[in-house]
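[1] Below: sequence and its predicted model.
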Amino acid sequence: MKTYLFLPLILCSLFSVAQYSVDDYYIEFSAASSVPDFYQNTYYNSDQATDVQWRIIKDSMPSQWQFSNCFPSCFSPGITSGTASFEPASQQYLNCHFYPQNVAGEGFVQMEITTNNNFVDTVSWRGIASDVTNISAWKNNNSKPIVAYYTLEGKKIDKPNYNQLCIIQYKDGTFRKNLILR
């Protein structure tokens, strides 16, 4: 009788043991289009020994842009798949670099990760490269009147600081994220 009570517990514990986890499956980040590259990290956490295959299943970005991935090593732009084996109780660096080439725009990259030929996960990166503008020139050359400025956290501010990303609200109800330079 005691054997029957422990059998479900043993079976449940066998099936519920995690082999790995990913910290974030969707990552958004931004920078000025003038930077050489920008990126955001997440981590692949291996609880047990795992074999991993990864491949890029989707990318969408301005034609001038490039991207590259680090998982766990950093690869050159154009490398869209790879394999790796991870030790138990290890944490692996997982990120995507966007290279905007001084072109403002938005990029999207989606990676499919297959663990132990069985478990499939998708990690996505969305990056926005904003135009770099001088706020005085922007005010003088912009046909839309500015109503308000906000921090990236959404707090309304009287005047943006120099070398700060901020959100500008226009009288017509539109918004734009800009880096304010001196």
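    Received it, and whenever you're ready, just let me know what you need.
[2] How about stretch 86-104, which residues are buried there?
    Residues of stretch 86-104 classed as buried by neighbour count (16 or more other Cβ atoms under 10 Å): F86, S90, Q92, L94, N95, C96, H97, F98, Y99, P100, Q101. Every C-beta, even on glycine, is put in place using the N, C-alpha and C of the backbone.
[3] gap between that stretch and the chain center?
    Its chain's C-alpha centre lies 8 Å from the corresponding centre of stretch 86-104 when counted by Cα atoms, centre = their mean, to the nearest Å.
[4] Span of that stretch from start to end?
    Stretch 86-104 has an end-to-end distance of 37 Å (Cα to Cα, to the nearest Å).
[5] swap in stretch 30-46?
    28 Å.
[6] Kindly report the same for stretch 54-71.
    Start-to-end span of stretch 54-71 (Cα to Cα) is 9 Å.
[7] same thing with stretch 102-121?
    End-to-end distance (Cα to Cα), stretch 102-121: 32 Å.
[8] Other residues contacting that stretch?
    Stretch 102-121 has contacts (Cβ atoms under 8 Å, 6 or more residues apart in numbering) with 19-20, 22, 25, 33-34, 44, 50-62, 64-65, 67, 69, 71, 96, 98, 100, 122-131.
[9] again, only using 6 Å
    Contacts of stretch 102-121 with the rest of the structure, by Cβ atoms under 6 Å, 6 or more residues apart in numbering, involve 20, 22, 33-34, 50-62, 64-65, 67, 96, 98, 122-131.
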